[in-house]
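S.K.: what follows is a protein structure lacking sequence information:
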DNA sequence: ACCGATTGAATTTTT
DNA sequence: TTCAATCGGT
């Protein structure tokens, strides 16, 4: 298509013009991959492909919205509106809702998020009399979720697990079985189920599959390197007939393998579709040459990758800066200073800057400094609106109204606000439900006719009444009524602490979110609203048009770009975030995460770390991240005689910790021990009589020693 | 049944 | 440090 030629380079054009058959686009960071997808869809439409036959998968709803918007700029917006663009999960949920009979689901199934799943796992563990210290709910929950991402049902997972030497896997298999039974009986579907059930639906119902194959003749998948096995199978099922499948991705940017993403999906695409045309996008339009070169130096340390060579279009630009600050406070104020100076003297806007960090906990210190310095900022992620206790409480009401079998929601609100249903009454309800094999809410009804649970009369009436009418009412009406009838606001008002006002505001904000949704989407049912919030994430509401500095985790930063990027906390143990049990593969993923971070930067890149940092309230010494050495920015690691390999082999329980004041034992010093011989001090902790040192002895092993007892001799 | 005090654990998280 | 979950007194 001639119309696109001016806007695209040769390879991009090749991809955009390849309309039929399997197409693999290996798109390096900043190479304009979204642009290619958008133009390719526009080109399909220009070639008289019915937009209704096009399916595009993205990884966030935000990416989906943006994509639709950009397509609307190229073709008639009404046609763009007909393209089905969504996340895998929204796609699955919509199909399952439409085909709920064939899928064997209740029409009003509730979607369980991770914290709901965890609650249910806790219930299962309790029922199975398993020690929740030994088998942590979050770990069990993760194992189940990963099993689901591999399309393993409880049976096949238990076959798998039986062979495993780890007892926790065998236990997880048992928990999974009970968990799934409960989830099913209460009409719940978790994130893993959405994909699993959609795959099952297609596999078990050839007619249904055929219908959707006919519908989605052209399929495009963004961020293919982060798809998991379930998504891979789902895609394959849909694409098998027409094979017009175009996947776009970059193995170097795969950062969700810990969540089940399987990099093989992209590496073996050509094997799955032998006719595949491969296009490499290696021109980087985003970053300066210095930034791009630094990124490539780093990523070259990874062994498991497709070799590639990105070329910068932009000139060298500014040098990369690295500063090791004294501590995290100095780091935060140093960053704030730079931002202020950029705004004052270099014509920068606040929104030109982004602060990246590895863990959400790191954001606080920056926030405090920015407030003090008067810098406007937004924290993306972190404490999500829909994760706040009061919001979740109201949502639990709504979910119970939508689906009264949802026992997890029931448990959450049966005594919230407190209405005199304590442990013992709750136990009565649970026993009844168990006995009669009915949901908790049904059990409450039964007990109510017996007159045993007078205190829950109103609760019962409200929920039943609204449930019966939910299809005839707008979601906004329902939420207003339930807040009124539950007495939630009065309860908050009664609490005279500082937080009660903001909690009331949050409840009000939820009401306006419902109203907003109704106006935006046109579907006013409660079910539609609930589904939407389950599948929407925090980054979706991120608005880059406002003039704020962005604070964000490295994971969430993928897909974004900023003129000036700060990557903070560049310290061994924090970034890369490691413990000593970490495999080399996991270290490579941390490296990719760093690569993603660097390649978000368009013009300026600042790296920083602290030599001392409080972690969980404990002062700890930090050594600069190995990544700095790999980027050839800093060779400080050699100062204490450590190499990458040493850090990998450092045994558990020898975390860097503590602060020392005036002892002769400092980092890097050589010492002699009467029994162990020569060694080097890697870290010092404690004060006074309590000074401890971590020593790496020449014989190769590590030891943490009390200076008071160990007769060390400084050499 | 409810409140407050103590104890203990603690990554990253597109959906 | 900070959060949440449990414990023990009212």
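M.R.: Everything's here; your move. Please read these numbers as outputs of a predicted model, since none were measured by experiment.
S.K.: helix, strand or coil for residue A:613?
M.R.: Three-state call for residue A:613 (DSSP: H, G, I helix; E, B strand; the rest coil): strand.
S.K.: correct me, but it touches residue A:570?
M.R.: No. Using C-beta atoms under 8 Å, residue A:613 is not in contact with residue A:570, being 11.3 Å away. For the C-beta atoms, the positions are set from N, CA and C on the backbone; glycine is no exception.
S.K.: among the two, which residue is more densely surrounded?
M.R.: residue A:570 (29 against 24; other C-beta atoms under 10 Å).
S.K.: local confidence estimate at residue A:319?
M.R.: We have a pLDDT of 89 for residue A:319.
S.K.: OK, contacts around it?
M.R.: residue A:290 (C-beta atoms under 8 Å, 6 or more residues apart in numbering).
S.K.: helix, strand or coil for it?
M.R.: Using three-state DSSP, the secondary structure recorded for residue A:319 is coil.
S.K.: burial count for the residue in the stretch 401-550 of chain A positioned nearest to DNA strand C?
M.R.: Closest approach between the stretch 401-550 of chain A and DNA strand C, counting by C-beta to the nearest atom of the strand: residue A:423, at 9.4 Å. For residue A:423, the count of nearby residues is 8 (other C-beta under 10 Å).
S.K.: got the phi/psi numbers for the nearest residue to residue A:441 once chain neighbours are set aside?
M.R.: In space, and not counting its chain neighbours, residue A:441 is closest to residue A:404: 4.3 Å by C-beta to C-beta, 6 or more residues apart in numbering. Here is the backbone geometry of residue A:404 (degrees, to the nearest 10): phi -70, psi -10.
S.K.: need the pLDDT of residue A:404.
M.R.: 95.
S.K.: okay, and residue A:382 sits in which element?
M.R.: Counting by DSSP states H and E, no helix or strand carries residue A:382.
S.K.: isn't it right next to residue A:366, touching?
M.R.: No. Under the criterion of C-beta under 8 Å, residue A:382 makes no contact with residue A:366, lying 11.2 Å away.
S.K.: mutual contacts of these two, please.
M.R.: Contacts common to residue A:382 and residue A:366, judged by C-beta under 8 Å, 6+ apart, are residue A:551.
S.K.: I'd like the distance between residue A:316 and DNA strand B.
M.R.: 32 Å (C-beta to the nearest atom of the strand, to the nearest Å).
S.K.: residues contacting the residue nearest to that residue when sequence neighbours are not counted?
M.R.: For residue A:316, ignoring the flanking residues on the chain, the nearest one in space by C-beta to C-beta, 6+ apart is residue A:289 at 4.5 Å. Contacts here follow C-beta under 8 Å, 6+ apart; on that basis residue A:289 touches A:312, A:314-317.
S.K.: and for residue A:339?
M.R.: A:348, A:350, A:353, A:373, A:375, A:549.
S.K.: ok, 10 Å please
M.R.: Residue A:339 makes contacts with A:348, A:350, A:352-353, A:355, A:369-370, A:373, A:375, A:377, A:549, A:564, A:566, A:606, as judged by C-beta atoms under 10 Å, 6 or more residues apart in numbering.
S.K.: over to residue A:630?
M.R.: Residue A:630 neighbours (C-beta under 10 Å, 6+ apart): A:294, A:297-302, A:591, A:594, A:637, A:644.
S.K.: repeat that for residue A:264.
M.R.: A:225, A:229, A:232, A:251, A:271-272.
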